[in-house]
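Q: Sequence first, then the predicted structure, then my questions.
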Amino acid sequence: MVKKIAKISLIIVLSLIALVVIIISRLFSVKIFDSIVQTQHMKRIDEMYSDNEYVEINDEQFVDFDLYDPTIKLNDIQILASHNSYKGMSTSLGRLFVGLGDSFDEARALKYSYQSITDQLQLGIRSMEFDVRKRKDSFMLTHVPLVDNSSVAPNFALALEEMRLYSENNPVHIPIILLIEVKTDWMILDHALQQIETEELLQLDQLIKDQLGDHLYQPNDLMIGDLTVKETVTTIGWPSIQDMLGKIIIVLHPSEFNDRYEAIDPSMETQAMFIGSYADDLEHDYASFIVHNDVDVESIQSLVEQGYIVRTRIDDSLIFDQSRYMAALSSGAQILTSDFTSGRKDLNDDDMIDLGGYMIIRFTT
């Protein structure tokens, strides 16, 4: 009897172990599949451009102003931006674990995906957001490890290459602003994830420079004379759109990495990325791009008037609010991030928003 119970117990334990292995393997296979798809996608992109099988995109169709008006500066326009722009559709299994571990409302908020980087750019998206993690020897784009790890561009180096190729072949585009959030949360879900220290930030910086080349617009390109980044934007101001056509700007999302990244070169003359700030942390010389996700119209207007470029969220958790949308527009925030742009892969046309028929507009009070 004892042997029979022991045998049954062993079978149950082994079955549970096998089930866990199958579940983890299924979730990890998403990353492998996405990587294969990205490689194939990049091959098609290369062939499309090399064989001239594409039509150059004219950004005039996306804007309500003259691209070549020298009086219109970068901080004078409002750009409709996609949120978690790299994200693929999460699996039902992954969302189940999120629901059990957090909440099913949070799990439902993960049920969305985006088109490729190229497709989004062709549709007029000129600002995106990436979550960057270091995995083994590569930088990867992943929302939540294991449970929400699908990506249309899992390898960050290839994602940058895709953006560069678009810029090379569509050279008269509105400056593309890419918000990079470096993440180290939920590392317990993937043993291959690495901590981000100064050395990793240096690697990330060099990768951006190598992949984007002359298309990259760096802090040093903005600074005038002995002025800091902050002094330049708050006194001299931003360059005109005309002077920045064809450029890509990378902004480091404000986080614990700000000080470490600034310390690489306090003058900001060599960094690839601008450093983002929060509204209550503007004393730094690098203050230029402000992340202000709460649509506080008065606070945002004050920042805009001082010369800063502000990013805010039109919506949150896949819930669209018309009053919040209108408030964000009236605030003057230049980067208006939404989960309801034409960049979404799983959204009906009727549910997509724009800025009065355009993707980029000139802000008028």
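A: Everything's here; your move.

Q: rest of the way, CA atoms for contacts and neighbours
A: Fine.

Q: give me every residue that touches the residue lying closest to H284 once chain neighbours are set aside.
A: Spatial nearest neighbour of H284, chain neighbours left out: K230 (7.7 Å); criterion: CA to CA, 6 or more residues apart in numbering. When contacts are counted by CA atoms under 8 Å, 6 or more residues apart in numbering, K230 is found next to 284-288.

Q: Please identify the helix or strand for K230.
A: According to DSSP states H and E, K230 maps onto helix 229-231.

Q: what's the average pLDDT for that helix?
A: Per-region confidence: helix 229-231 scores 98 on mean pLDDT.

Q: quick one: that helix to chain centroid distance?
A: Put simply, helix 229-231 sits 24 Å off its chain's centre (CA atoms, centre = their mean, to the nearest Å).

Q: Dump the contacts of K230 to a markdown table, plus neighbour count.
A: Rendered in a markdown table, the data for those read as follows (neighbours: other CA atoms under 10 Å):
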| residue | neighbour count |
| --- | --- |
| H284 | 14 |
| D285 | 17 |
| Y286 | 23 |
| A287 | 23 |
| S288 | 27 |
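
Q: could you dump the helix or strand just after the helix holding K230 to CSV, C-alpha only?
A: Per DSSP H and E, helix 229-231 leads on to helix 241-244 as the next helix or strand towards the C-terminus. Taking C-alpha atoms only, helix 241-244 is exported to CSV below (Å, rounded to 0.1, in the frame of the first residue of the first chain):
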residue,chain,number,x,y,z
ILE,A,241,11.6,71.3,-38.4
GLN,A,242,13.2,72.2,-41.7
ASP,A,243,16.7,71.8,-40.2
MET,A,244,15.8,68.5,-38.6
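
Q: State the mean pLDDT of the helix or strand that comes right after helix 241-244.
A: Toward the C-terminus, helix 241-244 is succeeded by strand 248-252 as the next helix or strand (DSSP H and E). Model confidence over strand 248-252, given as mean pLDDT, is 98.

Q: next one: stretch 185-199
A: Per-residue pLDDT over stretch 185-199 has a mean of 96.

Q: how about it: buried residues?
A: Along stretch 185-199, these residues count as buried under the neighbour rule (16 or more other CA atoms under 10 Å): 187, 193-194.
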